[in-house]
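*Asks:* Below: sequence and its predicted model.
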Amino acid sequence: MTVVRNLPSQLILAHAPWVLGGGLIVCIIACAAAGLGLLAAGETAGLLTVLFGAGIPLGIFAMAIKRDQVIFDANAGTVTLQRRTLFRYKNAVHSLDTVRRADVEDFSDTARPVLTFQDDTAPYPLVEAFLSGNGPRRSAMAVNDWLCSYRRAV
């Protein structure tokens, strides 16, 4: 996740897989153009190229590309967790008092930041995908640092 805003009153983290989404869009356009070119030349195989060559990446794009955003708001005393796909939008709001900390959930060589709560609320992964690199740890550190300064100010 990327820190979009880090102020004493608000911390916003966001994640959007731009590279994967862009690659799928290029694949969709290339397959559709090739299929339409074949159709224009009188080849019926162009229809299959359009349907499968562009349809499958379009389906993957619609279901797999997710935009995640987490908003910690000191003024409202809330944390808002948002997840958006092409067809779906999920939103959850929790009190900052119920947030314990951010942890890192490891899986092989990848990880993802997870928000843990004081009550019996299940841990919430800030992104669904496991990512490589130091991004998940930096995100968890940013959340924990912001929470620490928020709790000192309250």
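*Replies:* Okay, I see it.

*Asks:* The lowest-mean-pLDDT helix or strand in the chain: how far from the chain's middle?
*Replies:* Lowest on mean pLDDT, DSSP states H and E among the helices and strands of the chain sits helix 55-64, with a mean of 86. For helix 55-64, the distance from its own C-alpha centre to the chain's C-alpha centre is 16 Å (Cα atoms, centre = their mean, to the nearest Å).

*Asks:* Could you do stretch 130-137 as well?
*Replies:* That offset, for stretch 130-137, works out to 13 Å (Cα atoms, centre = their mean).

*Asks:* and that stretch, average pLDDT?
*Replies:* Mean pLDDT, computed over stretch 130-137, is 90.

*Asks:* just the strands in this protein please.
*Replies:* Under the criterion DSSP state E, the chain contains strands at 2-7, 10-15, 67-73, 78-84, 89-95, 99-107, 110-117, 124-125.

*Asks:* For this protein, which residues score under the pLDDT cut-off?
*Replies:* Within the chain, no stretch has pLDDT under 70.

*Asks:* just the angle between the lengthiest helix in it and strand 67-73, please?
*Replies:* Of all segments of type helix in the chain, defined using DSSP state H, the longest is helix 18-40. Helix 18-40 and strand 67-73 are oriented at 150 degrees to each other (axes from the mean of the first three to the mean of the last three Cα atoms, to 10 degrees).

*Asks:* Quickly note the distance from the residue of the chain positioned farthest from its centre to Ala30.
*Replies:* In the chain, the residue that sits farthest from the middle, by Cα atoms, centre = their mean, is Gly42; the gap is 42.3 Å. Distance of Gly42 to Ala30, computed by Cβ to Cβ, to the nearest Å: 21 Å. Every C-beta, even on glycine, is put in place using the N, C-alpha and C of the backbone.

*Asks:* Equivalent analysis for Ala64, please.
*Replies:* Counting by Cβ to Cβ, the gap from Ala64 to Ala30 is 19 Å.

*Asks:* One more: Thr78?
*Replies:* Counting by Cβ to Cβ, the gap from Thr78 to Ala30 is 44 Å.

*Asks:* Comparing these two, which residue is more hemmed in?
*Replies:* Thr78 (16 against 13; other Cβ atoms under 10 Å).
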